[in-house]
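1. how would this look folded up:
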Amino acid sequence: MRGSDKRILLLSLTALTVIGGYAFLRYAYKVTDSMPFTQEIVLIILGTLATVMITALLLNQQTAVEIEKEQSIKFLDLKANAYEQLLERIETMSLAENVTQADITRLQFITHRLAIFASPSVLDEYHHFLEVLGESTGDGTLLNNSDEIADALARLTIEIRADLIGEMDREGEYTRKHISRLIQRNSDESGEISIK
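-> Numbering: from 1, shown residues only. Just a heads-up that it's a prediction; the model follows:
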């Protein structure tokens, strides 16, 4: 049952309960008109029933919200761990002297893992990254086309970030283009670092 159908059903039942309760209250008051003590007992019973019903509805709603929140947190953790493993694999591959076909195949199999939870934009950028990586590893190394790889990785990282934290505000201080330039600048600067 969809959420809107469930709400309509609950509203209908609530309206029916209120109307039925009012009719019963009117009837009980007329029947017990000569005995005020009985009227007070009827009011206590009706108040108790209303309190129990409202508390049950509120607890049901709170439980549903908590379950949804826990599922969202677990799903986000799963995504973050998979993205982290992907970036670690890319890092390990880029630090190796030679890139083998097995390394490329491992990256292609990650696509199936990403397809479980990644947004379409992440999958699209990952595909673009694989294309650039495939073109750049013709000689078995990543050193010759490091700028193209760094650019493709920066674009992939931006999409991963947007998928994890939600769609970025395009009107805000940091747009996608601005973040892309920042990542590219950081990548270029890290390439200029030399080991002494």
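
2. any weak-confidence spans in this protein?
-> Along the chain, segments meeting pLDDT under 70 span 1, 3, 32, 36, 39, 138-145, 167-176, 178-196.

3. relative to its centroid, which residue of it is most remote?
-> Distance from the centre of the chain peaks at residue 34, with 62.1 Å (Cα atoms, centre = their mean).

4. Next, that residue: secondary structure please.
-> Of the three states, residue 34 takes coil under DSSP: H, G, I helix; E, B strand; the rest coil.

5. Distance of it relative to residue 152?
-> Distance, residue 34 to residue 152, using Cβ to Cβ, to the nearest Å: 88 Å. The C-beta positions use only the backbone N, C-alpha and C, and glycine is treated the same way.

6. Same check on residue 164?
-> 19 Å.

7. quick one: which of the two has more around it?
-> residue 152 (21 against 13; other Cβ atoms under 10 Å).

8. which residues touch the more buried one?
-> 125, 128, 129, 132, 133 (Cβ atoms under 8 Å, 6 or more residues apart in numbering).

9. In contact with the first one, which residues?
-> Right, residue 125. Counting by Cβ under 8 Å, 6+ apart, residue 125 makes contact with 152, 155, 156, 158, 159.

10. buried set for the helix or strand harbouring it?
-> Assigned by DSSP states H and E, residue 125 falls within helix 120-136. Neighbour-count burial for helix 120-136 flags 121, 122, 125, 126, 129, 130, 132, 133, 136 (criterion: 16 or more other Cβ atoms under 10 Å).

11. The closest residue to the fifth one other than its chain neighbours and residue 25, how far apart?
-> Right, residue 129. Distances taken as Cβ to Cβ, 6 or more residues apart in numbering put residue 152 closest to residue 129, at 4.4 Å, once the chain neighbours are dropped. From residue 152 over to residue 25 the distance is 71 Å, taken as Cβ to Cβ.
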